[in-house]
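Could you look at this predicted model? Sequence included:
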Amino acid sequence: MVFAFIALLWAWMALPWLSGDVTIPYDAKAHFQAQIQFLANALHRGDSPFWTPNIFGGSPQIADPQSLIFSPAILLALFDKSPSFRSMDTYVLALLLIGGLAFAQFGRERGWHPAAQVAAALVFAFGASASWRLQHVGQVQSLACFAVSFWLLARTLERASWRSGLAAGAAAGVMVVTPDQIDLLGLYVLVGYTVWFVLKGRQPWLALRRVWPALLAGGVVGLAIIAVPLLMTVLFSEVSNRAEIDYGEAARGSLHPAFLLTAFIGDLFGAADPKVDFWGPSSAAWAPGSLTLSQNMGQVYVGSLPLLAVIFWLACGIRRVSAEARFVLGALVAMIIYAVGAYTPLFPLIFHWLPGVDMFRRPADATFMIGALMALLTGFAVNTILSEAAERASLRPLAITAALAASAFAAALAIAFGHGRLGLAWPAIAVGVAWLSSALALLGLLTRLDRARVAAGPVLALLVAGIGLHVATDIRVNNGPSESTATPPERYAVMEPNTDNDTITYLKTVLARGHREPARRDRVELLGSDFHWPNLGMIHGFDTAFGYNPLHLAEFTEATGARDHMGSALERTFTPMFPSFRSAFADMLGLRFIVSAIPLERVDHALKPGDVTLLARTRDGYIYENPRALPRAIFAPAARKADFASLLAEGLPADFDPRKVVLLEKPGEDAILAPGAGGLDAKAQVRLVSYANTEVVVEVEAASAGYVVLNDVWHPWWRATVNDEDADILKANVLFRAVQVEAGKSTIRFSFHPLGGAIAELREKVLGPEPEPAAEPAPESPTTLSMMR
């Protein structure tokens, strides 16, 4: 019945999303909805989702921890060719229910009072970042997996059960297989809990001998789940824009200590109210020009009764807190220290010496774990308050609790007054006073209830219902739908696969027209139309030059100026390689269509009249055509050795023509450094026979030997054959792929092999590259200028 009551309260608190009245916005749509739809598109047409050509010139989805390939969410894509907003939202909220039930079961196995189980579950599911950062789907999933892993690990250690160990290992594996900062912190808590359990007794070696077979079983299962995906992610991250995070960047993502006041006053800084300009730390009102965290990232409200119950419980004396609860308390303190990051002198040591921390850029993400650990402490505290009548009678802990709450309100008033925001803050402070007063009154009542009466009968049912409803109502009011977590679904209509949006309809029409030409597959750039636009190509099946993803190839970023996300067309930057939409690189990329929220000449000041053609004006922006965009596959009769690092720094030669010469950093001993019959004007017919996510087939009929260049991003896990014979894929023109062919007709097949490619790459890192046979000195090649002529 307890679990049923938890599920009922969860359904009531989640109802705005479950009903479809609102949907989870921002990253949940701009990134994760696009990812799940890409998966569905691929699976339902029999294609592989391991590589996407739709963003950043091509990207290895299988190595991207946020691609959802190794997430339970893939089941949505498997069974539904068009996963709806509501189904994705339900998945996210269901994860939180599962995590809450896991904590409730953890308490049940310790004999917690049913009201303590309910309170712990609700705090986990809707407290702190679990509510305020619903849009970060990957981290919500990690949080839920942590809760399940923690419960199963505790059971494994207590029972020395290899079955529980296998389950714990599987849950932890699912948590870690999509690595993020919550996984790292959760893993540290799990390891810490294991060490604490082994060392807590007087004979740790005996304890270790008792539990090691179960731990080994779990470790083997977990390792089996994470080994290959994690290897791919690590290899991808090493060549990504996030290969390393410097201390300064991480420090900017620290949680200002003032945000901890939101534990007492849910919306102190106006994060939820759209009528109030957010004025907390990281806002212009607090420190102009220092925005580092979104307004929802610092919220740590877990409910007034849970917070006061924990304070009261601790005020009764730490010696009365169980050893297990002291471990959880220590973990919570560690997470708070970690979250505030650079605001403590400890963070430099943590960042530089604690393994894994330097891989992530925002210590404030620990607010997820703060909420989870507060949920456990809430369970311990409420259970103690309802179970130990003799210690509850004292007024001293109640007075300490009230004094601490009053101190928090005094600090909030002082901060609001000091920043000239008292007029904005007082309504939230008044709401906080009301909820904390009611919680304090309820807490006072609980300390006077007879222990026998709260353990059975109608009083038990009334108590469970009363505490559950107080916690649920409080959190629903203070952590409920806000502009950060709930938006009318109509705003994202363009993300529906069958949208009638006029811009998308127009693009599909002109792109389909271009595909009729034998080697064309045009790309689009979407500039500043709205936050959720960059990944629309993943939904609608067209290729965009950029996208929205925190992880992409570093060389592509350096060459193109691509960023994680561009909120405005004016944020578009150009590079020496890609100096303008009127450039050889834009042409090679096949960038034919540009959708811009503002006239393009305001974005690219190098454009001259006639460089691009305005095709249409829609509600979303201006649609331009670059008429010089090249086909996806082209032929070049000769190669020239080039220093790609210099090209990235200085740009392509002014006279470079990719249809005559391909630039290679490692041409090879049999490279065609001088054109054959027909010279640089040798004719060739190139045709895209088929183009799928992980396999591209090109046919060429050429008068002379040369190179077929596929203008997709080069990646070491791709392989090629020419007429069914293995062939090297050469890195061409800085970013793209080229294969050498003989004169006549050839069929080139490019295929993506992530497992074999990752293993080969790992082998090369460990053993070093295989020595190349000595080659005869190559003849002098013509100069670029003479070849162009």
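Structure received.

quick one: the helices in the stretch 301-450 of the chain?
304-315, 323-340, 347-353, 367-387, 389-392, 396-418, 422-446 (DSSP state H, counting those that start in this stretch).

V211 reaches V198, doesn't it?
Yes: if you go by C-beta atoms under 8 Å, V211 and V198 touch, sitting 7.2 Å apart. Any C-beta I mention is one placed from the backbone N, CA and C, and that applies to glycine too.

So, low pLDDT: which residues of the chain?
288-291, 389-394, 450-456, 676-678, 771-789 (pLDDT under 70).

got the buried residues for the longest helix seen in it?
When the chain is parsed with DSSP state H, its longest helix is helix 204-238. Going by neighbour count (16 or more other C-beta atoms under 10 Å), the buried part of helix 204-238 is 207, 211, 214-215, 217-219, 221-222, 225-226, 228-233, 235-237.

Let's verify V709: helix, strand, or coil?
strand (DSSP: H, G, I helix; E, B strand; the rest coil).

and it, how many neighbours?
27 (other C-beta atoms under 10 Å).

Please verify my assumption that it contacts F635.
Yes: shown here, V709 and F635 form a contact pair, counting by C-beta under 8 Å, at 7.3 Å.

List the buried residues in stretch 727-739.
727, 729-739.

Can you get me the start-to-end distance on that stretch?
Terminal residues of stretch 727-739 are spaced 7 Å apart (C-alpha to C-alpha, to the nearest Å).

hang on, the earlier thing: deepest of the helices of the stretch 301-450 of the chain, which one?
Ranked by mean neighbour count under mean count of other C-beta atoms under 10 Å, the helices of the stretch 301-450 of the chain are led by helix 367-387, which reaches a mean of 27.

any idea of the angle that helix forms with helix 304-315?
70 degrees (axes from the mean of the first three to the mean of the last three C-alpha atoms, to 10 degrees).

can you dump the C-alpha coordinates of helix 367-387 into CSV?
Taking Å, rounded to 0.1, in the frame of the first residue of the first chain, the C-alpha atoms of helix 367-387 are listed here in CSV:
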residue,chain,number,x,y,z
THR,A,367,22.7,19.6,-6.6
PHE,A,368,21.2,16.4,-8.1
MET,A,369,23.1,14.3,-5.5
ILE,A,370,22.3,16.8,-2.8
GLY,A,371,18.6,16.2,-3.4
ALA,A,372,19.1,12.4,-3.4
LEU,A,373,21.1,12.3,-0.2
MET,A,374,18.6,14.6,1.5
ALA,A,375,15.9,12.1,0.5
LEU,A,376,17.8,9.4,2.4
LEU,A,377,18.4,11.6,5.4
THR,A,378,14.7,12.6,5.3
GLY,A,379,13.8,8.9,5.6
PHE,A,380,16.2,8.4,8.5
ALA,A,381,15.0,11.5,10.3
VAL,A,382,11.2,11.0,9.9
ASN,A,383,11.6,7.4,11.0
THR,A,384,13.6,8.4,14.1
ILE,A,385,11.1,11.1,15.0
LEU,A,386,8.2,8.7,14.8
SER,A,387,9.9,5.8,16.5
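
separation between W279 and A263?
18 Å (C-beta to C-beta, to the nearest Å).

repeat for S19
From S19 to A263 the distance is 30 Å (C-beta to C-beta).

Tell me which of those two has more neighbours.
For S19 versus A263, neighbours defined as other C-beta under 10 Å are more numerous around A263 (21 against 9).

ok, the more buried one - contacts?
The neighbours of A263, taking C-beta atoms under 8 Å, 6 or more residues apart in numbering as the test, are 300-302, 307, 408.

Apply 7 Å and report the result again.
300-302, 307 (C-beta atoms under 7 Å, 6 or more residues apart in numbering).

Turn those into a markdown table, columns for distance to D273.
Compiled in a markdown table, those are given as follows (distance: C-beta to C-beta, whole Å):
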| residue | distance to D273 |
| --- | --- |
| V300 | 18 |
| Y301 | 14 |
| V302 | 20 |
| L307 | 21 |
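
between those, which has the most around it?
V302 (33 neighbours).

residues in contact with that one?
V302 neighbours (C-beta under 7 Å, 6+ apart): 123, 127-128, 263, 371, 374.

Ok, W435 next?
Neighbours of W435 in contact, by C-beta under 7 Å, 6+ apart: 304, 474.

what does H540 give?
So H540 contacts 504, 508 (C-beta under 7 Å, 6+ apart).

Same check on V433?
F409.

How about the most centrally placed residue in the chain: what's its closest non-neighbour residue?
The residue lying closest to the centre of the chain (C-alpha atoms, centre = their mean) is Q66, at 4.9 Å. Nearest non-adjacent residue to Q66, counting by C-beta to C-beta, 6 or more residues apart in numbering: G138, 5.1 Å away.

No more questions from me, cheers.
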